[in-house]
Structure formats: C-alpha cells, structure tokens
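Asks: The following comprises the amino acid sequence and a computationally predicted model.
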Amino acid sequence: MEQEANENKQVAGFSKLNKRDKIYWLAKNFLYANPVDVFKEFAEYWHDNIEAQKLLDGFSENTLTNFPVPFGLAPNFLINGKIYAIPMVTEESSVVAAASNAAKFWLDRGGFHSKVISTTKVGQVHFQYPGDPEKLFRFFNSIKDELKDGVKKITQNMEKRGGGVLDMELIAFPEEPNYYQIRAYFETVDSMGANFINSCLEEFGKLLREKIQQSVVFNDSEKSVEIIMCILSNYTPECLVRSEVFCKVSELGSFANNTISAEEFAWKFERAVRIACIDSYRATTHNKGIMNGIDSVVIATGNDFRAVESCVHTYACRSGKYTSLSNAKVENGIFKFWIEVPIAIGTVGGLTSLHPLAKRSLELMGNPNAKQLMEIIATVGLAQNFGAIRSLVTTGIQAGHMKMHLTNILAQFQANEQEEAEAKTFFSNKVVSVSAVREFLENLRGKSSIIA
C-alpha cells in the first residue's frame with residue numbers, strides 16, 4: 001500500500017505542466033484537498049499585473065505562487081555624513097524596529113562610520129595531478145601570465161570597468177594525495193561577478209590541462225591531469241568592510257528610566273560583547289542578530305543572502321573557533337563599537353537589475369555602487385547588534401520583542417480591529433505572551449471557550 005502511494009506521488013515532466021495543472025497535482029497527491037480551493041488560495045498571492053507575475057515566475061523553477069515578505073524601511077541612518085532610509089525585507093517583527101532605534105540613537109552622536117577595506121573575490125580550479133609536485137609548481141609559475149592572457153576575451157569588458165583577474169596561486173593539499181587547486185583572485189567592481197568568475201575558472205582549467213599535455217616537461221603519466229571542478233568560492237575574507245560608532249561614555253545617556261547610568265551601560269555592553277567573543281554558544285545568537293540586519297538589506301537589493309551568510313559565518317571561525325563578529329571597547333572615557341565582515345554583493349546584473357523592488361531599493365539609497373552598498377549593509381548589521389545588546393543589558397530582550405510580536409499573536413487569534421486596539425492599550429505596560437493574550441481576549445469576548 002505504501003509503495004503504491006509513493007508511486008502515485010512520482011511525476012514525470014512536472015516542469016512542463018502549466019501552473020494550474022501543477023497546483024491540481026499537488027492538491028491531489030500531497031495536500032489531499034479540493035484542487036479548486038487550493039488553486040484559489042495560491043492564486044490570491046499572484047500579481048494582478050500579468051507581466052509582473054511572468055517576471056517573478058522566471059526567477060525560479062516550478063513556481064506556483066508568490067510568498068510575500070514585508071518590505072520595511074529603517075530611516076535616520078547617518079553613514080559617513082549622509083542620511084539614508086534603508087529598505088529591509090524581513091518577517092521578524094522586531095528587526096526593523098531595532099535597526100531604526102539604533103539609527104536614531106547614533107544620529108545625534110556622530111552617526112556610523114563605514115569603510116571598505118578590500119573587495120577581492122575568489123575562485124578555484126580543483127584538479128588531480130599524479131606527478132612530481134615541484135615540477136608542477138615550477139611549471140605553473142611559468143605559465144601564470146599565459147593563463148591570464150588566455151581569458152582576455154572574457155575579462156576585457158570587466159577590465160574596462162576597473163576589474164579583472166588580480167592574481168592566482170597553486171595550492172597543494174597533503175591530506176588529499178595528488179589533489180591541487182588554482183586559487184584565483186578577482187575584482188568584479190559593481191557586479192557580484194559569479195558568472196564572470198566561473199567563466200574565467202573553466203577557461204583556466206581547460207588551458208592548464210592543454211598546456212601540461214603539450215609540455216615536454218611532463219612524462220606521459222604526469223600528463224593525465226583531471227580537472228575535477230571549476231567554481232567560485234563564497235568565502236571571500238578579502239572582500240571586507242568595517243563599520244563603527246564611537247562617542248564619549250558620558251554622551252551615551254542613561255537607560256531603563258534612568259536606572260542605568262552611561263558608565264554602567266558601557267561596562268555591561270562591553271562585557272556582553274566580550275562574552276560573545278569567548279563563548280561560541282552566545283556568539284551564535286549574537287551573530288544571528290547581526291545577520292538579521294545584514295540579510296534584510298541583502299534581500300531587499302536582490303543579492304544572494306545565502307552566499308553572504310555562509311561567508312560571514314565561515315569568517316567568524318577564521319581563528320579556529322566560532323566567535324563574535326563585532327567588538328566593543330571602553331578606553332579613556334570613549335565608547336567604541338565596531339564590526340568587520342566580508343560582504344560580496346553587487347549593484348548591477350542579476351536580480352538587482354530585474355526585480356522591480358530591488359531596483360527601487362537601490363534607488364531610494366541613492367543608487368550606491370557596490371562599495372557603498374557594502375558600507376550600508378555592514379552598518380545595518382552593526383545597528384541591529386547594538387539594538388539587541390542594548391535591550392539585553394538594560395530592559396531584557398523579551399519586553400520589546402513580544403510587544404512587537406503582539407500583532408502576530410492577535411492575528412493568530414483572529415482579533416478584530418476593536419479587539420486589537422484594546423489589546424494594544426492593555427499590554428502597553430504589561431508583559432506580552434501567547435497565554436496572556438489568549439486570556440485577555442477570552443475575558444473581552446466573555447466566553448472562556450472562544451479560543452481553542
């Protein structure tokens with residue numbers, strides 16, 4: 001019986017079905033629901049504009065509907081002397097609020113100072129060579145310039161914009177016999193550059209194999225080079241940006257209704273960051289908060305948040321231990337808080353040039369180039385981290401977070417407008433929890449069993 005059920009759930013040529021038939025097949029074989037009802041539900045999220053929906057469908061494969069996520073705005077960001085209103089795409093209710101509050105806090109204290117340190121991206125040609133390592137290294141060094149020249153047809157346009165192949169090196173891995181890689185370094189200016197880098201790498205692999213096979217330096221056995229794969233690396237530790245804030249400790253003000261002084265706040269804040277530096281359990285949550293901010297801007301601008309995430313977390317392990325991405329220091333009466341993160345993104349090409357809201361996001365930030373966008377993104381990550389730590393060391397994280405979450409809880413219990421208004425007034429000075437909201441609504445409605 002189970003085998004028969006599994007066979008019914010298999011499908012051939014699914015990608016060739018139209019959207020309606022895909023949904024009907026899904027409803028019948030996995031949702032066990034009325035296909036018409038499922039179709040209506042999915043269709044509710046389609047774009048009214050047929051051409052706009054066609055564009056969205058083209059971003060992925062086997063698309064059935066759209067999955068809306070809130071597009072928010074964090075105003076009052078003063079970065080390098082310029083005011084920004086920053087688009088943030090996220091479903092977590094407290095993220096935009098925390099970033100906005102942090103931006104407002106630092107607006108009157110000199111704002112954020114951000115600077116790109118480097119913009120180098122990385123690609124690799126992985127290959128097998130069953131010969132003398134020293135011979136291979138000597139040969140590679142002798143043909144490096146030829147390899148670069150061999151991709152001129154690919155790099156000429158990028159070079160006109162100030163980019164191209166920067167350098168390359170041959171690396172051996174003793175733990176894996178006969179395995180080597182060419183690690184190449186690239187500048188891709190305002191594009192993320194994945195296709196450019198991968199095209200160069202595949203050509204490098206082809207040329208390397210040809211030149212070894214044509215060379216009299218190698219014997220027949222050594223000429224049996226096998227290219228395993230050619231692919232960019234999403235770990236780009238030299239595509240690095242720094243953002244920081246600083247002010248006199250006395251200028252921090254007081255917190256928690258004047259119960260925490262500036263000096264006590266600065267001490268607790270610095271200590272909280274230090275804990276994230278020494279404890280990987282805390283660092284994981286600490287850095288997740290940073291990525292709340294970073295990811296939201298990366299998504300809003302049509303960039304690859306998964307690539308940025310993987311790179312940043314690998315960077316957090318660069319010492320051999322997972323640790324904090326941010327640092328804080330109180331010295332000579334000055335409070336300083338900063339972050340250095342690798343962020344490989346683009347402002348031209350790909351989704352950034354196709355998605356209407358990604359284009360609008362870049363426009364509302366003044367159409368930044370890639371370096372400027374790196375500075376903005378790192379700043380939002382720092383602001384998010386500041387907001388989270390400020391809450392943790394003063395009022396605690398739950399009070400603000402759950403008040404922001406109140407709207408979602410009310411929606412879960414299908415509260416009407418009047419009930420929402422009364423609930424927000426009631427919980428303005430009380431702790432929010434699912435059980436507390438349930439109890440409030442039950443009492444308001446006068447029926448203890450109204451909410452399951």
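Replies: Happy to help now that I have it.

Asks: neighbours of residue 294, just the number please.
Replies: For residue 294, the neighbour count with other CB atoms under 10 Å is 28. C-beta coordinates here come from the backbone N, C-alpha and C atoms, glycine included.

Asks: Could you say which helix or strand holds it?
Replies: Secondary structure from DSSP states H and E places residue 294 in helix 280-300.

Asks: any idea how the chain splits into domains?
Replies: 2-57, 79-114+241-395, 121-233, 400-445 (automatic domain parsing).

Asks: Please render those domains as JSON lines that adds distance to residue 63 and mean pLDDT to the earlier fields.
Replies: Formatted as JSON lines, the domains of the chain follow (distance: least, CB to CB, whole Å; pLDDT from 0 to 100):
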{"stretch": "domain 2-57", "distance to residue 63": "5", "mean pLDDT": "91"}
{"stretch": "domain 79-114+241-395", "distance to residue 63": "14", "mean pLDDT": "97"}
{"stretch": "domain 121-233", "distance to residue 63": "22", "mean pLDDT": "97"}
{"stretch": "domain 400-445", "distance to residue 63": "26", "mean pLDDT": "80"}
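
Asks: Mind putting those domains into TSV with distance to residue 65?
Replies: Output for the domains of the chain, formatted as TSV (distance: least, CB to CB, whole Å):
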stretch	distance to residue 65
domain 2-57	4
domain 79-114+241-395	17
domain 121-233	27
domain 400-445	20
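
Asks: Ranking these by mean neighbour count, which comes first?
Replies: domain 79-114+241-395 (a mean of 19; mean count of other CB atoms under 10 Å).

Asks: Compute the first-to-last residue distance for that one.
Replies: 27 Å (CA to CA, to the nearest Å).

Asks: sorry, back to before: tilt between whichever helix or strand comes after the helix holding residue 294 and helix 280-300?
Replies: Next in sequence after helix 280-300, counting helices and strands by DSSP H and E, comes helix 305-315. Angle of helix 305-315 versus helix 280-300, following axes from the mean of the first three to the mean of the last three CA atoms, to 10 degrees, is 150 degrees.

Asks: any residues touching the helix or strand harbouring residue 359, and which ones?
Replies: Using DSSP H and E, residue 359 sits in helix 356-364. By CB atoms under 8 Å, 6 or more residues apart in numbering, the list of residues contacting helix 356-364 from outside reads 52, 55, 71, 85, 87, 300-302, 347, 351-353, 368, 373.

Asks: try it again with 7 Å
Replies: 71, 85, 87, 300-302, 347, 351-353, 368 (CB atoms under 7 Å, 6 or more residues apart in numbering).

Asks: and if you look at stretch 274-281?
Replies: By CB under 7 Å, 6+ apart, stretch 274-281 touches 282-283, 286, 321-324.

Asks: What's the separation between residue 9 and residue 32?
Replies: 11 Å (CB to CB, to the nearest Å).

Asks: Also residue 117?
Replies: For residue 117, the distance to residue 32 - CB to CB - is 55 Å.

Asks: Using PDB, write out every CA atom in the helix holding residue 294.
Replies: Only the C-alpha atoms of helix 280-300 are listed here, as PDB (Å, rounded to 0.1, in the frame of the first residue of the first chain):
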ATOM      1  CA  SER A 280      30.500  30.100  20.800                       C
ATOM      2  CA  TYR A 281      27.000  29.400  22.200                       C
ATOM      3  CA  ARG A 282      26.500  33.100  22.800                       C
ATOM      4  CA  ALA A 283      28.400  34.000  19.600                       C
ATOM      5  CA  THR A 284      25.900  32.000  17.500                       C
ATOM      6  CA  THR A 285      22.900  34.000  18.700                       C
ATOM      7  CA  HIS A 286      24.900  37.200  18.800                       C
ATOM      8  CA  ASN A 287      25.900  36.900  15.200                       C
ATOM      9  CA  LYS A 288      22.400  35.700  14.200                       C
ATOM     10  CA  GLY A 289      21.200  39.100  15.300                       C
ATOM     11  CA  ILE A 290      23.800  40.800  13.200                       C
ATOM     12  CA  MET A 291      22.700  38.800  10.200                       C
ATOM     13  CA  ASN A 292      19.000  39.800  10.900                       C
ATOM     14  CA  GLY A 293      20.100  43.300   9.700                       C
ATOM     15  CA  ILE A 294      22.600  42.300   7.000                       C
ATOM     16  CA  ASP A 295      20.300  39.700   5.400                       C
ATOM     17  CA  SER A 296      17.300  42.000   5.300                       C
ATOM     18  CA  VAL A 297      19.200  44.600   3.200                       C
ATOM     19  CA  VAL A 298      20.900  41.900   1.000                       C
ATOM     20  CA  ILE A 299      17.400  40.500   0.200                       C
ATOM     21  CA  ALA A 300      15.900  44.000  -0.400                       C
END
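
Asks: Could you give the separation of it from the chain centroid?
Replies: Centre-to-centre, helix 280-300 and its host chain are 8 Å apart (CA atoms, centre = their mean, to the nearest Å).

Asks: which ones are touching the residue sitting nearest the centre point of the chain?
Replies: Centrality entry for the chain: nearest residue to the mean C-alpha point is residue 305, 3.0 Å, by CA atoms, centre = their mean. When contacts are counted by CB under 7 Å, 6+ apart, residue 305 touches 295, 298-299.

Asks: hang on, the earlier thing: select, out of the domains of the chain, the one closest to residue 64.
Replies: domain 2-57 (5.5 Å; CB to CB).

Asks: so residue 368 sits right up against residue 376, yeah?
Replies: Yes: counting by CB atoms under 7 Å, residue 368 touches residue 376, with 6.4 Å between them.

Asks: Residue 244 falls within a strand, correct?
Replies: Yes: according to DSSP: H, G, I helix; E, B strand; the rest coil, residue 244 belongs to a strand.

Asks: ok, and the closest non-adjacent residue to it?
Replies: Using CB to CB, 6 or more residues apart in numbering and skipping the chain neighbours, the partner closest in space to residue 244 is residue 338 (3.5 Å).

Asks: tell me how far the following helix or strand past the helix holding residue 359 is from the chain's mean position?
Replies: Going down the chain from helix 356-364, the next helix or strand is helix 370-393, by DSSP H and E. Its chain's C-alpha centre and that of helix 370-393 lie 13 Å apart, by CA atoms, centre = their mean.

Asks: do stretch 30-39 as well
Replies: 34 Å.

Asks: Ok, stretch 72-82 next?
Replies: From the chain centre to the centre of stretch 72-82 is a distance of 19 Å (CA atoms, centre = their mean).

Asks: Identify all contacting residues around that stretch.
Replies: The contact list for stretch 72-82, computed with CB under 7 Å, 6+ apart, reads 83-88, 96, 99-100, 103-104, 106-107, 111-114, 375-376, 379.
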